[in-house]
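In: got a predicted structure here, sequence first:
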Amino acid sequence: MASSHSDNSDLLPPAVKILIAGGFGAGKTTFVSNISEIGTLTTEEILTVASEGTDSLAGVERKTTTTVAFDFGRRTLPELVLYLFGTPGQERFWFMWDELSRGCLGAVVLADTRRLQDCFPAVEYFESRGIGFVLAVNQFPGSHRYEPSEVRDATGLSPGVPVISCDARAASSCLTVLIGLVGYLLDWPGGAG
């Protein structure tokens, strides 16, 4: 006998966890905030004098806050819900990456060409754990524009990893990055496809 109760779970799109990682000041909180269709949960705190010896502000002198745990947002694509977790960028908070990466399908590594070396730890982290990712080069106003091949060479990325230019302040640009990540993961040998 068929039940008249339906939980409608077959009508809901599948959901996946995506990390947004990168160096301190690369635009992770901005990315999550601008692409999320819900109010973003952030753990932003004001930078204090105590962090001056720990967190270099070279290249991001106007930065006044920092993520101390994670940012959370959600974006629905056709037939897929993405739960977005922005990681903290400073080395002293990297211990949280292991917890945040549990169960993630893939990642966006945001790179700031003013401080490109700051994205290297995130690239190494995802490569060493076999987590598929794209490198999104956040185009900050006034920063030098590099070709994707130049960024690939500078970061030592594998040839198949997509390098996508973006503006974390623009939702449409962030959406292009997420669609690029999902497409890459569907074709990625270690991933979803």
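Out: Perfect, I can see it now.
In: looking at this protein, which helix or strand is least sure?
Out: Least confident element among the helices and strands of the chain, by mean pLDDT, DSSP states H and E: strand 65-67 (a mean of 55).
In: next SSE downstream of it?
Out: Once the chain leaves strand 65-67, the next helix or strand it forms, by DSSP states H and E, is strand 71-77.
In: what's the burial count for the residue nearest to Asp71 when sequence neighbours are not counted?
Out: Nearest in space to Asp71, with sequence neighbours left out and distances taken as CB to CB, 6 or more residues apart in numbering, is Gly86 at 3.3 Å. Where C-beta positions appear, they are placed from N, C-alpha and C, glycine not excepted. Using other CB atoms under 10 Å, Gly86 is surrounded by 31 other residues.
In: report the beta-bridge partners for Gly86.
Out: Legend: beta-bridge partners of Gly86 under DSSP bridges are Ile20, Asp71.
In: start at 48, not 1
Out: Sure, I'll start counting at 48 from here, so that last one is Gly133.
In: quick check: it touching Lys75?
Out: Yes. Judged on CB atoms under 8 Å, Gly133 makes contact with Lys75 at a distance of 4.2 Å.
In: residues of the longest helix along the chain that come out buried?
Out: When the chain is scanned for its longest helix (criterion: DSSP state H), the result is helix 218-234. Neighbour-count burial for helix 218-234, with 16 or more other CB atoms under 10 Å as criterion, is recorded at Ala218, Ser220, Cys221, Thr223, Val224, Leu225, Gly227, Leu228, Val229, Tyr231, Leu232.
In: want to throw those into JSON lines with distance to Leu66 and pLDDT?
Out: Shown next, in JSON lines, are the buried residues of helix 218-234 (distance: CB to CB, whole Å; pLDDT from 0 to 100):
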{"residue": "Ala218", "distance to Leu66": "19", "pLDDT": "95"}
{"residue": "Ser220", "distance to Leu66": "18", "pLDDT": "95"}
{"residue": "Cys221", "distance to Leu66": "14", "pLDDT": "95"}
{"residue": "Thr223", "distance to Leu66": "18", "pLDDT": "96"}
{"residue": "Val224", "distance to Leu66": "13", "pLDDT": "96"}
{"residue": "Leu225", "distance to Leu66": "12", "pLDDT": "96"}
{"residue": "Gly227", "distance to Leu66": "15", "pLDDT": "95"}
{"residue": "Leu228", "distance to Leu66": "10", "pLDDT": "95"}
{"residue": "Val229", "distance to Leu66": "14", "pLDDT": "93"}
{"residue": "Tyr231", "distance to Leu66": "14", "pLDDT": "94"}
{"residue": "Leu232", "distance to Leu66": "12", "pLDDT": "92"}
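In: tabulate these (TSV), appending distance to Ala154.
Out: Listed next are the buried residues of helix 218-234 as TSV, based on distance: CB to CB, whole Å:
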residue	distance to Ala154
Ala218	19
Ser220	17
Cys221	14
Thr223	16
Val224	11
Leu225	11
Gly227	12
Leu228	8
Val229	12
Tyr231	11
Leu232	10
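In: now for the host helix or strand of Asp200, which elements pack on it?
Out: Using DSSP H and E, Asp200 sits in helix 195-202. The helices and strands touching helix 195-202, judged by 3 or more CB pairs under 8 Å, 6 or more residues apart in numbering; DSSP states H and E, are strand 180-185, strand 210-213.
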